[in-house]
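predicted model follows, preceded by the sequence.
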Amino acid sequence: MTESEPDTVTQAPAWLELSVECDTEAVEPVSELFARHGYNGGVVIEEPFTQDPDGDNIAVDPSRPVVVRTFVAATDTPPTVVDEIREALWHLGRLRHVGELVLVERREEDWANAWKEHYRVHRIGRRVVVRAPWHDHEPAADEVVVELDPGMAFGTGLHPSTKLCVLGLEDELRPGARVLDVGTGSGVLAIAAVLLGAARVDAVDIEPVAVRTTRENAARNGVADRVAVAEGSVGPGAPFPGTYDLVLANIIARVLVDLTSGLAAAVPPGGTLVLSGIIESREQAVRRAFEDAGLVFDRRTQMEDWVALVYRGPSAPTMSR
Ligand code: SAH
């Protein structure tokens, strides 16, 4: 079978799949570029991971490049958009390794399958495994399985920033905790939190597609009664203005800095904040902002170029023994 057999193509292509190979350094700018143009801002980052069978030592395999992929609606996208993207990639390619833009025309059903091909069963924490609905997986004794149909929302669980956040969640979550997930994407962290023992998770995202996808994924995992999802963020007008035992925010550094006061307000003394999505070069800026806001730095974790930071709420009460 060849890729396209002209006599089998009976409809006009509905989607244009754009993909490019690039090095780790280029992933963030290429993803930002694709997110600006891609349908609903959806981007898939496929990093070639290696991982021990027990889930430890997750690492990007540097011998293989990262692939960044998105889809644009073929009929609504003027050809100049593709030229603009190609031009922007060329500029990025002068500083870092960025391959040729690959364009593939997809019909509606191919499009769904293209997402499925790249997304199977993965261990993303010590105990948390994600699987797509079309994959079978027999869970091990202490394994927690999150079934995700990521749709167009970010959060297949495979991004290093998500893995760092899951590891933080596994370490910090106490049974019965109340959790806030800021920038929930596909809901992967919110669902994992409930399956790991949270009493209740409130989840927010500024993207309606993420809110929809998270609701669907929560229902699919049988935790809809413990995950409340709303469109919005933290700070002024926040849909969930309270405080939480544990706050998770896996968003890029610039946005985390913008959200500092809103996030800090959600973490009471004794509470914990896990920040992720921070590219290493922006770590110091994030740390300055959160330390200025009165949060107490606990530790950092890193996977490739991505950093996660764990903070305690302000002036945690001292234990008298
Ligand atoms: N929590 C998921 C998804 C992270 S992607 C995971 O860990 O895999 C980051 C998400 O943050 C995106 O879905 C994006 O829409 C959302 N986001 C971006 N800016 C935001 C803001 N200011 N407030 C809330 N969510 C935001």
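Nice, thanks for sending it over.

which SS state does Leu103 fall under?
strand (DSSP: H, G, I helix; E, B strand; the rest coil).

quick one: contacts for it?
Residues in contact with Leu103 (C-beta atoms under 8 Å, 6 or more residues apart in numbering) are Leu16, Glu17, Leu18, Val82. The way it works is simple: take the backbone N, C-alpha and C, and place the C-beta from them, glycine included.

how does it look with 7 Å?
By C-beta atoms under 7 Å, 6 or more residues apart in numbering, Leu103 lies in contact with Leu16, Leu18, Val82.

what's the local residue count around the last one?
Same thing as Val82. Using other C-beta atoms under 10 Å, Val82 has 16 other residues around it.

show me the domain layout of the protein.
Residue ranges for the domains of the chain, per automatic domain parsing: 13-108, 153-312.

so which of those gets nearest the ligand?
Shortest separation from the ligand across those is recorded for domain 153-312, at 2.5 Å, computed as C-beta to the nearest ligand atom.

quick one: the closest one near the ligand?
Yes - Domain 153-312 lies within reach of the ligand by C-beta under 6 Å from any ligand atom, at 153-155, 159, 162, 165, 182-185, 188-189, 204-207, 210, 233, 250-251, 255, 259.

assign a three-state SS to Asp76, would you?
Per three-state DSSP, Asp76 ends up coil.

shift numbering so it begins at 15
Renumbered: residue one is now 15, and that last one reads Asp90.

so how far is Val269 from it?
As judged by C-beta to C-beta, to the nearest Å, Asp90 and Val269 stand 27 Å apart.

ok, these two, which is more surrounded?
Val269 (14 against 8).

so what's that one closest to, chain neighbours aside?
Gly197 (7.6 Å; C-beta to C-beta, 6 or more residues apart in numbering).

swap in Pro153?
Using C-beta to C-beta, 6+ apart and skipping the chain neighbours, the partner closest in space to Pro153 is Val159 (4.9 Å).

so for the one you found, what's the pLDDT?
Model confidence at Val159, given as pLDDT, is 92.

Thr38 contacts Glu318, doesn't it?
Yes - using C-beta atoms under 7 Å, Thr38 is in contact with Glu318, at 5.9 Å.

which positions in the helix or strand hosting Phe304 come out as buried?
If you go by DSSP states H and E, Phe304 is part of helix 297-306. Neighbour counts over helix 297-306 (16 or more other C-beta atoms under 10 Å) mark Glu297, Val300, Arg301, Ala303, Phe304 as buried.

adding pLDDT and distance to Val310, write the residues you listed out as a markdown table.
Below are the buried residues of helix 297-306 laid out as a markdown table (pLDDT from 0 to 100; distance: C-beta to C-beta, whole Å):
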| residue | pLDDT | distance to Val310 |
| --- | --- | --- |
| Glu297 | 96 | 17 |
| Val300 | 97 | 15 |
| Arg301 | 98 | 12 |
| Ala303 | 98 | 14 |
| Phe304 | 98 | 9 |
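
just the buried residues of the residues of domain 167-326 next to the ligand.
Among the residues of domain 167-326 next to the ligand, those buried by neighbour count (16+ other C-beta under 10 Å) are 167-169, 173, 176, 179, 196-199, 202-203, 218-219, 221, 224, 247, 264-265, 273.

tell me the SS of Leu194?
Classification of Leu194 by three-state DSSP places it in strand.

do you know how far it is from Ser33?
Relative to Ser33, Leu194 is positioned 34 Å away (criterion: C-beta to C-beta).

mind checking the SS state of Ala155?
Per three-state DSSP, Ala155 ends up coil.

let me see the ranges of the helices in this protein.
Counting by DSSP state H, one finds helices in the chain at the ranges 38-51, 93-109, 122-131, 174-186, 202-209, 222-234, 267-272, 274-279, 297-306.

the first one close to the ligand?
The one in question is helix 38-51. No - if you take C-beta under 6 Å from any ligand atom as the test, helix 38-51 misses the ligand, and the best it gets is 9.1 Å.

give me the neighbour count for Arg240.
Residues within reach of Arg240, counting by other C-beta under 10 Å, total 17.

with adjacent residues omitted, what lies nearest to it?
Going by C-beta to C-beta, 6+ apart, Arg240 has Val208 as its nearest residue, at 4.8 Å.

so where's this protein uncertain?
Applying pLDDT under 70 to the chain picks out residues 15-27, 54-55, 63-74, 76-77, 122-135, 148-149, 164-170, 330-335.

switch the cut-off to 50
15-24, 69 (pLDDT under 50).

one step back: quick check: which of the domains of the chain is buried the most?
Among the domains of the chain, domain 167-326 has the highest mean neighbour count (mean count of other C-beta atoms under 10 Å), at a mean of 21.

what separates that one from the chain centre, distance-wise?
The chain centroid and the centroid of domain 167-326 are separated by 10 Å, computed with C-alpha atoms, centre = their mean, to the nearest Å.
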